[in-house]
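# coordinates only, sequence not included:
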Ligand SMILES: C[S@@+](CC[C@H](N)C(=O)[O-])C[C@H]1O[C@@H](n2cnc3c(N)ncnc32)[C@H](O)[C@@H]1O
């Protein structure tokens, strides 16, 4: 993303959340970058989903922002790191979203296999090396006309790199397979966007 494009990102979010996101980031706790969050909230405003699934709750920052713009939605969110899961639950409660959120603690790969029903929006923001493994279950859970929004798909630019560092080979190979599977699938209208850490948006045409 160019400096010019980045300079035009003006996030409109709750002030308390903006402050908390900054504090968490300073503590090294991950949360989606501003440009990714801006695009996520824009997509949600257009789609107006009723049922959202999030992989990777962290401390609930993206979850609260999503619920703030989707007043009629219920969020199901999954986190594997127990302190983050507990902090997220407290943050959802503080923002009066306890009744609008189902928080699962555990490995997303295990939990999604047991979810049923359809989601009209899936925000994939968990372990990057697992996106490709999760894909069959996520597509099973995505409603016709539903949107899959995945963050970090370009993984610090390494996915586009001819020779990524050896230690990142697995994650890069898996992310490339994830991107190729969706961009080559005629049942999906997919866009790969060079914003933030790389965003993929896929619309289920079925
Ligand atoms: C990039 S952070 C999520 C940020 C959050 N969506 C936000 O924007 O505020 C990714 C999260 O995925 C969690 N995670 C990692 N592996 C996981 C797994 N196997 N199952 C569920 N969550 C996992 C991490 O603990 C981390 O909190």
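Happy to help now that I have it. Keep in mind it's a predicted model, so treat the numbers as computed, not measured.
# Just the residues contacting the helix or strand of the chain with the lowest mean pLDDT, thanks.
Here the helix or strand of the chain ranked lowest by mean pLDDT, DSSP states H and E is helix 3-7, holding a mean of 87. Applying CB atoms under 8 Å, 6 or more residues apart in numbering, the set of residues contacting helix 3-7 from outside is 35, 195. Where C-beta positions appear, they are placed from N, C-alpha and C, glycine not excepted.
# next one: stretch 170-179
128-133, 135, 150, 153-155, 158-159, 161, 164, 192, 200.
# Mind listing what's buried along the top strand by length along the chain?
Using DSSP state E to define each element, the chain has its longest strand at strand 142-151. For strand 142-151, a neighbour-count test (16 or more other CB atoms under 10 Å) marks 142-143, 146-151 as buried.
# residue ranges of the strands in this structure, please?
Counting by DSSP E, the strands of the chain are 51-55, 74-79, 101-105, 119-124, 142-151, 188-193, 199-204.
# And these: which comes nearest the ligand?
With CB to the nearest ligand atom as the criterion, the ligand lies closest to strand 74-79 of those, at 5.0 Å.
# Quick check: neighbours of that closest one in the sheet, parallel or antiparallel?
strand 51-55 (parallel), strand 101-105 (parallel) (DSSP bridges).
# avg pLDDT for it?
The average pLDDT within strand 74-79 is 98.
# Spell out which residues of the protein are next to the ligand.
The chain comes close to the ligand at residues 30-32, 56, 58, 61-62, 78-81, 84, 107-108, 125-127, as judged by CB under 6 Å from any ligand atom.
# What subset of those is buried?
31-32, 56, 58, 61-62, 78-80, 84, 108, 125-127.
# Can you tell me the closest non-neighbouring residue to residue 79?
Spatial nearest neighbour of residue 79, chain neighbours left out: residue 57 (3.8 Å); criterion: CB to CB, 6 or more residues apart in numbering.
# on that earlier part again, just the buried residues out of the contacts of stretch 170-179, in PyMOL syntax.
One line in PyMOL is enough to select the buried members of the contacts of stretch 170-179, burial here meaning 16+ other CB under 10 Å:
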select buried, resi 128+129+130+131+132+135+150+153+154+155+158+159+164+192+200
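# In helices, which of the contacts of stretch 170-179 appear?
Counting by DSSP state H, these place 131-133, 135 in helices.
# Any chance of these in a markdown table with pLDDT and distance to residue 20 as columns?
Formatted as a markdown table, these follow (pLDDT from 0 to 100; distance: CB to CB, whole Å):
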| residue | pLDDT | distance to residue 20 |
| --- | --- | --- |
| 131 | 98 | 26 |
| 132 | 98 | 32 |
| 133 | 98 | 31 |
| 135 | 98 | 31 |
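# Format the residues you listed as TSV; extra columns: distance to residue 173.
Converted to TSV, the ones in helices among the contacts of stretch 170-179 look like this (distance: CB to CB, whole Å):
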residue	distance to residue 173
131	11
132	9
133	12
135	14
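# hmm, back to that, mind checking how far the least confident helix or strand of the chain is from the chain centre?
On the basis of CA atoms, centre = their mean, to the nearest Å, helix 3-7 sits 22 Å off its chain's mean C-alpha point.
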